[in-house]
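Engineer: What would the 3D arrangement of this be:
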Amino acid sequence: MQPMKKSMKTLRILVVEDDSLLGMLLGEVLEGMGHEVCAIAANEDDAVAAAIRYSPDLMIVDVRLGDGSGISAVDKIHLNGAVPHFFVTGDLVNVKLLRPGAEVIQKPFRDSDLEQAIERVIGAAATI
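Structural biologist: Modelled structure (predicted):
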């Protein structure tokens with residue numbers, strides 16, 4: 001794991017991942033990059049509630065959740081205001097069909113893939 005680049009500010013990140021081990025590991029990687037993980041939500045309803053409660057700077061969202069959909073969770077969260085986000089999935093092609101303009105990284109991914117996705121999404125949000 002490489003240290004976070006100096007130019008990137010500390011972000012409050014909501015992780016939406018139904019595999020508790022993957023969620024914890026992703027949280028550790030993000031904290032190692034210098035970010036704050038405000039919550040790890042395992043299902044659609046918890047993701048929506050966590051986004052409302054913590055007002056994250058960024059969301060990293062698994063597309064397929066055991067209870068609900070990451071895409072649907074993002075749609076519900078955006079009813080209260082847009083939050084920069086990207087999806088993680090094992091099925092990149094299907095997500096690109098559903099959300100052609102979405103930022104998506106495929107599982108398994110490297111720390112560098114994660115860092116680059118964060119930079120792209122936060123950079124794009126800053127230009128809006």
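Engineer: and the helix or strand bottoming out on mean pLDDT in the chain, what other elements does it pack with?
Structural biologist: In the chain, no helix or strand scores lower on mean pLDDT, DSSP states H and E than helix 92-98, which sits at a mean of 86. Under the contact definition 3 or more C-beta pairs under 8 Å, 6 or more residues apart in numbering; DSSP states H and E, helix 92-98 sits against strand 104-106. In short, each C-beta sits where N, CA and C put it, glycine included.
Engineer: buried stuff in the strand it packs on?
Structural biologist: 104, 105 (16 or more other C-beta atoms under 10 Å).
Engineer: What strands line up against it, and which way round?
Structural biologist: strand 85-89 (parallel) (DSSP bridges).
Engineer: Could you list the residues in contact with the partner strand?
Structural biologist: Identification of contacts with strand 85-89 by C-beta atoms under 8 Å, 6 or more residues apart in numbering yields 17, 58-64, 70-71, 74, 95, 99, 102-107, 109, 117-118, 120-121.
Engineer: pLDDT of that strand, averaged?
Structural biologist: Strand 85-89 comes out with an average pLDDT of 96.
Engineer: For the least confident helix or strand of the chain, buried residues please.
Structural biologist: residue 95.
Engineer: swap in stretch 35-45?
Structural biologist: Applying 16+ other C-beta under 10 Å to stretch 35-45 flags 35, 37, 38, 39, 40, 41, 42, 43, 44 as buried.
Engineer: Likewise for stretch 96-116?
Structural biologist: For stretch 96-116, by 16+ other C-beta under 10 Å, it's 102, 104, 105, 114, 115.
Engineer: on that earlier part again, using PDB, write out the CA atom coordinates for the least confident helix or strand of the chain.
Structural biologist: Backbone C-alpha positions of helix 92-98 (Å, rounded to 0.1, in the frame of the first residue of the first chain) are rendered in PDB as follows:
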ATOM      1  CA  LEU A  92     -18.000  -4.500 -15.300                       C
ATOM      2  CA  VAL A  93     -19.900  -5.000 -18.600                       C
ATOM      3  CA  ASN A  94     -23.300  -5.200 -17.000                       C
ATOM      4  CA  VAL A  95     -22.800  -2.000 -14.900                       C
ATOM      5  CA  LYS A  96     -21.500  -0.100 -17.900                       C
ATOM      6  CA  LEU A  97     -24.800  -1.100 -19.800                       C
ATOM      7  CA  LEU A  98     -26.900   0.100 -16.800                       C
END
